[in-house]
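Asks: Can you look at this prediction? I've put the sequence above it.
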Amino acid sequence: MTESVLVLAPHPDDEVVGFSALIGRARETGTRIAILWLTDGIPAAELLWPWQRGRRTLRVATRTAEAHAAAKLLGAEAIGPLPIPTRRLKDDFAIARQAVADALLRLRPASMWVPAYEGGHQDHDVASFLAAGFRHQVSVFEAPLYNFAGSRINSQRFIDSESGTIVTLTQEEQGRKRQQLAAYGSERGNLDYVRCDHEALRPQAAYDYSMPPHPGRTFYQRFQWVPFRHPRIDFTTPAEVCDVLKGLDAIGSGGMEIACPGERQKCGLP
């Protein structure tokens, strides 16, 4: 039976940022890869400029087409994206949890890969919490994408140390990763922090999700000094995210194979 891996990508492009070479090397061993995008990658309409709101559906369609093109380059099965706006994963947590449960039931993967809890984006941190709830069902591994620990931008580097398996990309792998990143034409200019020389993977750490991932500002807080609500700036604080995760944990957010037909239909799942 062919071994499989389920990659949880909070947004379309995260699968390339964190897992490009890792996916390529897994596929070389015959492993089947499936990517589940947990959000559509576009802010909710009310967060956009008024003149952008009517084009949100088109922007989602563009980002989805890019995601499927990237998945084809990666040689991976595409699942989604789920109909959840970026920065709203914590609000639509039940939908994402059900989609993960369904994917695990169908694919029976040997492991699940997810971004680390590092404050790069609030959706990344919620995805880490989501994956942790399924650790009783599947082995969970994590990769660093980007963070602002130590008040500097760090790419593909765990906050605590260069722990885990460090993968040094060959010139060919670096070229493939750049090609995959280029598939996300709508994100051109937003991915220039991504390093293409190495990636890392390790078993998911045991995090205290009631606490921010590191002291000081997180990556997504860097521009919160702007005195007006800009669509590209996330004004959420890590404390607010932690409060939501504590609430989810209190009501039991583990990876139960819940059966909610209404939520399944909303996800566009059978």
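Replies: Nice, thanks for sending it over.

Asks: can I assume residue 200 sits in a strand?
Replies: Yes. If the criterion is DSSP: H, G, I helix; E, B strand; the rest coil, then residue 200 is within a strand.

Asks: what residue ranges in the stretch 1-150 of the chain score low on pLDDT?
Replies: Along the stretch 1-150 of the chain, segments meeting pLDDT under 70 span 1.

Asks: Helices of that one, start to end?
Replies: Counting by DSSP state H, counting those that start in this stretch, the stretch 1-150 of the chain has helices at residues 14-28, 56-74, 93-107, 122-132.

Asks: Please identify the deepest-packed of these.
Replies: helix 122-132 (a mean of 26; mean count of other Cβ atoms under 10 Å). All C-beta atoms are positioned from the backbone trio N, CA, C, and that covers glycine.

Asks: List the buried residues in stretch 240-248.
Replies: 241-242, 244-245, 248 (16 or more other Cβ atoms under 10 Å).

Asks: which of those residues lies closest to residue 77?
Replies: Among these, residue 248 lies closest to residue 77 (Cβ to Cβ), at 27.9 Å.

Asks: what sits against that closest one?
Replies: 90, 93, 129 (Cβ atoms under 8 Å, 6 or more residues apart in numbering).

Asks: Residue 204 touches residue 131, doesn't it?
Replies: Yes. Using Cβ atoms under 8 Å, residue 204 is in contact with residue 131, at 6.6 Å.

Asks: any common contacting residues for these two?
Replies: 114, 140, 142.

Asks: Return the subset of those lying in strands.
Replies: 114, 140, 142 (DSSP state E).

Asks: returning to that earlier point: put together TSV for the helices of the stretch 1-150 of the chain, with distance to residue 194 on each row.
Replies: Formatted as TSV, the helices of the stretch 1-150 of the chain follow (distance: least, Cβ to Cβ, whole Å):
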stretch	distance to residue 194
helix 14-28	5
helix 56-74	13
helix 93-107	24
helix 122-132	14
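
Asks: Residue 249 is in contact with residue 209, isn't it?
Replies: Yes. Residue 249 is within contact range of residue 209, at 6.9 Å (criterion: Cβ under 8 Å).

Asks: Number of residues surrounding residue 29?
Replies: Using other Cβ atoms under 10 Å, residue 29 is surrounded by 7 other residues.

Asks: Let me see the contact set for it.
Replies: residue 3.

Asks: where do the helices sit along the stretch 151-270 of the chain?
Replies: Per DSSP H, counting those that start in this stretch, the stretch 151-270 of the chain has helices spanning 171-182, 238-250, 261-267. These are given in chain order.

Asks: Quick one: those as TSV, columns for distance to residue 197 and mean pLDDT too.
Replies: Below are the helices of the stretch 151-270 of the chain laid out as TSV (distance: least, Cβ to Cβ, whole Å; pLDDT from 0 to 100):
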stretch	distance to residue 197	mean pLDDT
helix 171-182	7	96
helix 238-250	29	93
helix 261-267	37	35
